[in-house]
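# Quick one, structure for this:
(one chain, ligands or ions: 1)
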Amino acid sequence: MAALTLVNVTKSFGKTDVIKGVDLEVQTGEFCVFVGPSGCGKSTLLRMIAGLEDVSSGEVMINGARVNDVAPAKREIAMVFQSYALYPHLTVRDNMGLALKQAGQSKAAVAKSVDHAAAMLALEPLLARRPSELSGGQRQRVAIGRAIVRTPKLFLFDEPLSNLDAALRVATRIEIAKLHRDLDATMIYVTHDQIEAMTLADRIVVLRDGRVEQVGAPMDLYNDPDNTFVAGFIGSPMMNFLHAGALGMRSATMGVRPEHLAISRTAGQIEGTVSHVEKLGGETLVYINTATQGLLTVRLFGEHDYRVDETVQLTPEAARAFHFDAAGLRLR
Ligand SMILES: Nc1ncnc2c1ncn2[C@@H]1O[C@H](COP(=O)(O)OP(=O)(O)OP(=O)(O)O)[C@@H](O)[C@H]1O
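Next up is the predicted model:
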């Protein structure tokens, strides 16, 4: 059964239409990630699922039941936000157990649930501490722990990692993926970070300006994007978009990922000048200014000695290229 169904959901704030008709089905146990640029409506959509925001029109269904008019607390969901919102005067144990205590569970039952969640998140040594005695990453784990103890039907995450530093983000991301495997729970996760989307999602929903652009498994979106927006949004560094006409092609735009643009000092189809080189350790990114195609990016594996201001030649790998029409729609 679908854990969540959205039927032609819209949202307007006054005269501004923010969500413009979204249809979506999320299956039980699925990890579904909403991605899209800032302001596209990801958080608004999540908040409507949570019940924190009214739906202007359309239907929100959780496990087959319409919840448009059901209060957030009655939707059996748990939400983890970017800011941890822990009670500063309560210990980790009490923060995690509060909702169960308020629901009238016995002390022993609360302790058992908290111990179980703490073990999953390696929080046992921290249970007696207060939030001020924890690192940012530990606080976010407590916030996740607080969500787990309630055994919700649906977990909603709104950019839960964006306040963490890079290393912690990776560690917590792995933790959330593991949690999803262990709990077998349905999770909906909002991020603007496409690496989080690629690594966590069973399915990604790409949103733009209040509409769904494409829904699919991460590698399907990467390998088979429907349009230039999805092709440009999924993949880092971003896909190069070339004026196909200038290369003798019949399509309007040719998309070539940076790893599929060959660079040479001797021969190629597009001449350019190296404007910047980034050596990232395992790979090198070379940025090239061209007269006919603007700024292009080449990704090379290993270390390479291309220098700023040298002239180079580029050749797209034709077999790996994507073609789009003038409206940006994929030509398959
Ligand atoms: N309460 C509100 N009143 C009016 N406009 C709002 C309100 N909340 C959000 N918006 C607008 O709705 C649009 C979508 O906002 P939302 O927060 O859902 O975007 P987002 O995709 O989550 O963006 P970000 O990645 O920056 O958080 C934005 O243009 C925003 O300004």
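# Which strand or helix spans G58?
Assigning secondary structure by DSSP states H and E places G58 in strand 57-62.
# chain center to that strand, what's the gap?
The chain centre lies 23 Å from the centre of strand 57-62; the measure is Cα atoms, centre = their mean, to the nearest Å.
# which of the residues in the one helix or strand L221 maps to are buried?
Using DSSP H and E, L221 sits in helix 218-223. Within helix 218-223, the residues scored as buried using 16 or more other Cβ atoms under 10 Å are P218, L221, Y222. Using the backbone N, CA and C atoms, a C-beta is placed for each residue, glycine as well.
# could you dump the residues you listed to a markdown table with pLDDT?
Listed next are those as a markdown table, based on pLDDT from 0 to 100:
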| residue | pLDDT |
| --- | --- |
| P218 | 96 |
| L221 | 96 |
| Y222 | 95 |
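# Can you tell me which of those is closest to D94?
Comparing the buried residues of helix 218-223 against D94 with Cβ to Cβ places P218 closest, at 38.3 Å.
# if we can go back for a sec, quick check: which helices or strands does the strand holding G58 pack against?
For strand 57-62, the packing partners by 3 or more Cβ pairs under 8 Å, 6 or more residues apart in numbering; DSSP states H and E come out as strand 2-13, helix 42-50.
# All the helices of this structure, residue numbers only.
Ranges of helices in the chain, per DSSP state H, are 42-50, 92-102, 107-120, 136-148, 166-183, 194-200, 218-223, 228-233.
# The ligand contacts on the protein?
The chain comes close to the ligand at residues F13, T16, V18, G36, S38, G39, C40, G41, K42, S43, T44, H192, as judged by Cβ under 6 Å from any ligand atom.
# looking at the residues you listed, which has the most residues close by?
Neighbour counts for the residues of the chain next to the ligand peak at G36, which has 26 neighbours (criterion: other Cβ atoms under 10 Å).
# can I get the helices of the chain in JSON lines with distance to F81?
Listed next are these as JSON lines, based on distance: least, Cβ to Cβ, whole Å:
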{"stretch": "helix 42-50", "distance to F81": "10"}
{"stretch": "helix 92-102", "distance to F81": "14"}
{"stretch": "helix 107-120", "distance to F81": "18"}
{"stretch": "helix 136-148", "distance to F81": "7"}
{"stretch": "helix 166-183", "distance to F81": "14"}
{"stretch": "helix 194-200", "distance to F81": "15"}
{"stretch": "helix 218-223", "distance to F81": "24"}
{"stretch": "helix 228-233", "distance to F81": "24"}
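# Looking at those helices, which is nearest to G255?
helix 228-233 (5.0 Å).
# From the chain's centroid, how far away is that closest one?
Counting by Cα atoms, centre = their mean, helix 228-233 is centred 14 Å from the centre of its parent chain.
# same thing with stretch 232-251?
23 Å.
# any idea of the mean pLDDT in it?
Average pLDDT, stretch 232-251: 91.
# ok, now stretch 86-104?
For stretch 86-104, the mean pLDDT works out to 93.
# mind checking the end-to-end distance for it?
20 Å (Cα to Cα, to the nearest Å).
# Could I get the contacting residues of the residue most central in space within the chain?
The centroid of the chain falls nearest to A197 when counting by Cα atoms, centre = their mean (3.2 Å). Going by Cβ atoms under 8 Å, 6 or more residues apart in numbering, A197 touches V33, V35, T191, I204, P218, I234.
# With respect to Q27, which of the buried residues of helix 218-223 is nearest?
Q27 has its nearest neighbour among those in P218, at 16.1 Å by Cβ to Cβ.
# what residues are up against that closest one?
Neighbours of P218 in contact, by Cβ under 8 Å, 6+ apart: A197, M198, T199, A201, I204, I234.
# Tell me the pLDDT of the first one.
Per-residue confidence (pLDDT) for A197: 93.
# Then the fourth one?
pLDDT for A201: 96.
# was I right about it contacting F31?
Yes: in this structure A201 lies within contact range of F31 using Cβ atoms under 8 Å: 5.7 Å.
# Could you name every residue contacting both of those two?
Both A201 and F31 are contacted by Y189, under the criterion Cβ under 8 Å, 6+ apart.
# ok, now how distant is L247 from L295?
As judged by Cβ to Cβ, to the nearest Å, L247 and L295 stand 17 Å apart.
# So if I had to pick from these two, which one is more boxed in?
The neighbour count for L247 versus L295, taken as other Cβ under 10 Å, is higher for L247 (17 against 12).
# out of everything not next to it in sequence, what's closest to D94?
Y87 (7.6 Å; Cβ to Cβ, 6 or more residues apart in numbering).
# Next one: that neighbour from M96, what distance?
Distance from Y87 to M96, counting by Cβ to Cβ: 11 Å.
# what does L168 give?
Look at L168 and M96: by Cβ to Cβ, they are 20 Å apart.
# same check, this time on A201
27 Å.
# the more surrounded of the two?
Using other Cβ under 10 Å, the more surrounded residue of A201 and M96 is M96, with 29 against 23.
# what pLDDT does the residue lying closest to V9 once chain neighbours are set aside get?
Nearest residue to V9 in three dimensions, chain neighbours excluded: G58, at 3.6 Å (Cβ to Cβ, 6+ apart). At G58, the model reports a pLDDT of 98.
# my read: G58 touches G21, true?
Yes: counting by Cβ under 8 Å, G58 does reach G21; the two are 7.4 Å apart.
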